[in-house]
Structures are given as C-alpha cells and as structure tokens.
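Student: Build the 3D model from these lines:
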Amino acid sequence: MAYIYPAPGSPTAEVVLTLVASANTTSNLSVPSLQDITVNNSNDVFTWTQLDEGSKLQIATTATNSLDMNLVLDQTAFFGNASANAVSAAGKGIFNLSADKTRVGFSLFMGNTSTGGAGKTLSGNAYITGLAPTVSADAPVWVSPITLTVDGAYTVT
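Tutor: Okay, the predicted model is just below:
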C-alpha cells in the first residue's frame, strides 16, 4: 500500500499548490504556508418519484469541484511580486487574482520528491474565492481561508 501523506517538516514528502494565470504563464505562483487543504468532488443527484415505485429514484448529474484551504499569508504571494510580470500569477498575487476574477490554472502535487517525484498531481482551472483574512492577539499572523472553485473537471496525472 502506498499512502499519500504530507510529513510536516520533511522536505521530501509534501503538498505543493501552484497557480498559473491563464493570460501569462511566465511567472507561476507556488502557494506558500498552507495549513490544510480539502479536495471536494461533490456529484449532484437528481431525485424524483414515480407512482409505480415505493422508493425515490436518483441519477447522478454534474459535479461541483473545489479546493478549500487555509493559509498563513505571505505578503509577496498574497499581494503580488512587483518584480514579476504584472499579469502573471506571481505578479498579481492571490488577492488580485481573486479581485480581478482571473481564471487560473492550478496543480496540486501530492507526493514524495525523494523518490523522483512519485505521487499524483491534481490539476484544472479555477477561480479564487472565499478570501477572509483575519488576525487577532491570540493568532498574531494573518490567516485566510481560500477556495479554488473549479471550472470543469479535475485532471489526475
């Protein structure tokens, strides 16, 4: 059995999320400081009743896909890198990609780099939503939830 696990503190077992602005692929953004991540694949179900059936009938319809996560904010990744191409993911940063409603390509690597990159990559296109940065005296670094609302299906490689 080959478990997929990130090992916090281990440089070889990791989860890496990369964003690419569809308009410019010259400066990708590797999202730092992920605290957690949830991969959602929720198939909708159409339900109906018939007079000749004692139970409801159902059929699967299209899926709603998203990646939900929380991250500690890095100023450059969140607001953009001034030295990167201004229309690239790294140049815009997470906040501007969301505010500008930029469709991004994403890839989520789940694997172990010490074995030559063994693992799987989940990829697709998405919009960044759900930003809500917070800070408090008990948690003195900015933290924000972030959702990648997937436009279409996931691709697994």
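
Student: Just checking: what are the partner strands of the helix or strand of the chain with the lowest mean pLDDT?
Tutor: Using mean pLDDT, DSSP states H and E, strand 24-30 stands out as the lowest-scoring helix or strand of the chain, at a mean of 78. Strand pairing for strand 24-30, determined by DSSP bridges: strand 13-21 (antiparallel).

Student: got the contact list for the strand it pairs with?
Tutor: 5-7, 28-31, 34, 37, 67, 69, 87-89, 91-92, 94, 97, 102, 104-114, 128 (C-beta atoms under 8 Å, 6 or more residues apart in numbering). The way it works is simple: take the backbone N, C-alpha and C, and place the C-beta from them, glycine included.

Student: quick one: average pLDDT of it?
Tutor: Mean per-residue pLDDT for strand 13-21: 82.

Student: gap between it and the chain center?
Tutor: Chain-centre distance of strand 13-21: 8 Å, with C-alpha atoms, centre = their mean, to the nearest Å.

Student: Please name every helix or strand in contact with the lengthiest helix in the chain.
Tutor: Assignment by DSSP state H gives helix 89-99 as the longest helix of the chain. For helix 89-99, the elements it packs on are strand 13-21, strand 24-30, helix 75-79, strand 118-129, judged by 3 or more C-beta pairs under 8 Å, 6 or more residues apart in numbering; DSSP states H and E.

Student: Ok, which of these comes nearest Val135?
Tutor: Nearest to Val135 among those is helix 75-79 (12.7 Å), distances taken as C-beta to C-beta.

Student: before we move on, the earlier item: partner strands of the helix or strand following the longest helix of the chain, with direction?
Tutor: Tracing the chain C-terminally past helix 89-99 and defining elements by DSSP states H and E, one meets strand 104-112 next. In the sheet, strand 104-112 lines up against strand 13-21 (antiparallel), strand 118-129 (antiparallel) (DSSP bridges).

Student: which SS class is the one residue sitting closest to the centre of the chain?
Tutor: For the chain, the residue nearest the mean C-alpha position is Leu67 (4.2 Å; C-alpha atoms, centre = their mean). The assignment at Leu67 comes out as strand when based on DSSP: H, G, I helix; E, B strand; the rest coil.
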